[in-house]
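Trainee: okay, structure incoming, though there's no sequence with it:
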């Protein structure tokens, strides 16, 4: 038994004798659709959800994650469908951050900035901008094995065998990150302590079960490679990876200068697919039309609060480092280059506002107003703005 399976055995897991149905439910499945659709009437003018969602929304019909998390059992088909519907409602409900600017002359300007939400257009833009720059760092590793049948970069895909966790989907997602880190620790030990730099993403199968895609860059260590019948570069020591990942099936490809960029782009695509396309029927405004595989991934990551991707700090260089790892200090100068003291321009956080309560369009990322907008009194402040005390009537509850 390999080290990974030893961990499961120590936690009391046994291979079950009974097979459970762990397929992810089709949102259009008749019995599930009718079960929820029967409750869609006379709930709230602010929500497309039915009375079953009353415990997951605030007084204004807005879904709040803290009310959802821990209240669903994702092993139950009906609860999994509820999770998808709650996420759909949450991501399509746009919020804007409203700021008030006052300069030294007393001129006031109001600015509405669209808030980032997992899966919306702001989220897609920021992820795409940051991650595509990382490819350059990964390409450097693949150049080292150009003339030798070896590589320091591998592309790995790993799955979870439901039998090892007694078909507990929630357990598999909650411990996926822990098992992945243990997988890396075992690899480091087998590679004489070599540093491993990682670029990985989580994704759900259509069944809802998790798997990962990752590019691993080994510092000071290389793997012998050969070409298989499909002309793909394989590792001669793949067994090392199979022994390190004992939780399911694993596939390993060796990356060369000609294939690294393709697979680095593939990992980026797994992270940003569907949401990076803001037009057509794939944008978040058409979340109901998202592919079945996309909805389980986004809704589960949202429910558990997991990052969709992870990047080693050492992979982030130059311009990318400024975006992800550093707080940039911004200064303002006049036309002669003299620094204007920050005290002469004051920014005040007015609050958050729902797009549906304003004149803002979904495509407005930033909009300025020279006069107070008519909807200014509808702004609310999250509880975090009041050191956790909040207002009793805040929409942040």
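Mentor: Yep, it's here. Please read these numbers as outputs of a predicted model, since none were measured by experiment.
Trainee: residue 358 contacts residue 373, correct?
Mentor: Yes: contact criterion C-beta atoms under 8 Å: residue 358 and residue 373 qualify, at 7.0 Å. To be clear about C-beta, it is placed using only N, CA and C from the backbone, and glycine gets the same treatment.
Trainee: shared neighbours, the two?
Mentor: Jointly contacting residue 358 and residue 373 under the rule C-beta atoms under 8 Å, 6 or more residues apart in numbering are residue 112.
Trainee: next, give phi and psi for residue 189.
Mentor: Per-residue torsions, residue 189: phi -70, psi -40 (degrees, to the nearest 10).
Trainee: separation between residue 174 and residue 308?
Mentor: Distance, residue 174 to residue 308, using C-beta to C-beta, to the nearest Å: 16 Å.
Trainee: ok so, going back, looking at residue 358 and residue 373, which one has more neighbours?
Mentor: Counted by other C-beta atoms under 10 Å, residue 358 and residue 373 do not tie: residue 358 has more neighbours, with 20 against 17.
Trainee: tell me the contacts of the more buried one?
Mentor: Contacts of residue 358 (C-beta under 8 Å, 6+ apart): 96, 112, 373, 375, 378.
Trainee: of these, which is the nearest to residue 59?
Mentor: For the contacts of residue 358, the closest approach to residue 59 (C-beta to C-beta) belongs to residue 378, at 14.1 Å.
Trainee: need the contact list for the closest one.
Mentor: Residues in contact with residue 378 (C-beta under 8 Å, 6+ apart) are 353-354, 357-358.
Trainee: follow-up on the earlier one: ok, residue 174 and residue 308, which is more surrounded?
Mentor: residue 308 (20 against 14).
Trainee: correct me, but the more buried one touches residue 300?
Mentor: No: counting by C-beta under 8 Å, residue 300 is not a contact partner of residue 308; they are 10.3 Å apart.
Trainee: quick check: closest non-adjacent residue to residue 357.
Mentor: residue 378 (4.9 Å; C-beta to C-beta, 6 or more residues apart in numbering).
Trainee: list only those of the contacts of residue 378 flagged as buried.
Mentor: Buried members of those, counted by 16 or more other C-beta atoms under 10 Å: 353-354, 358.
Trainee: out of those, flag the one nearest to residue 252.
Mentor: Nearest to residue 252 among the buried ones among the contacts of residue 378: residue 354, at 47.2 Å, using C-beta to C-beta.
Trainee: how about the strands in the stretch 101-250 of the chain?
Mentor: Using DSSP state E, counting those that start in this stretch, the strands of the stretch 101-250 of the chain run over residues 108-114, 150-151, 153-159, 195-204, 210-219, 223-227, 233-235, 250-254.
Trainee: would you list those strands in CSV and tack on distance to residue 186, mean neighbour count and mean pLDDT?
Mentor: CSV is the format used below for the strands of the stretch 101-250 of the chain (distance: least, C-beta to C-beta, whole Å; neighbours: other C-beta atoms under 10 Å; pLDDT from 0 to 100):
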stretch, distance to residue 186, mean neighbour count, mean pLDDT
strand 108-114, 43, 18, 94
strand 150-151, 20, 22, 85
strand 153-159, 13, 22, 92
strand 195-204, 11, 20, 89
strand 210-219, 12, 22, 90
strand 223-227, 15, 16, 89
strand 233-235, 16, 19, 89
strand 250-254, 12, 20, 92
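Trainee: what's the closest of these to residue 169?
Mentor: strand 210-219 (8.3 Å).
Trainee: quick one, the closest one and strand 223-227 angle?
Mentor: 120 degrees (axes from the mean of the first three to the mean of the last three C-alpha atoms, to 10 degrees).
Trainee: pLDDT-wise, which helix or strand of this structure ranks last?
Mentor: helix 318-324 (a mean of 45; mean pLDDT, DSSP states H and E).
Trainee: now do the helix or strand just after that one: which elements does it pack against?
Mentor: Using DSSP states H and E, the helix or strand that follows helix 318-324 in sequence is strand 346-354. Under the contact criterion of 3 or more C-beta pairs under 8 Å, 6 or more residues apart in numbering; DSSP states H and E, strand 346-354 touches strand 95-102.
Trainee: direction included, what does the strand it packs on pair up with?
Mentor: When pairs are called by DSSP bridges, strand 95-102 turns out to pair with strand 108-114 (antiparallel), strand 346-354 (antiparallel).
Trainee: ok, residues contacting it?
Mentor: For strand 95-102, using C-beta under 8 Å, 6+ apart, the contacting residues are 108-115, 117, 345-355, 358, 360, 376, 379.
Trainee: for the closest residue in space to residue 303 that isn't next to it in sequence, what are its contacts?
Mentor: Counting by C-beta to C-beta, 6+ apart, residue 83 is the residue found nearest to residue 303 once chain neighbours are left out, at 5.5 Å. Residue 83 is in contact with 68, 72, 74, 299-300, 303, counting by C-beta under 8 Å, 6+ apart.
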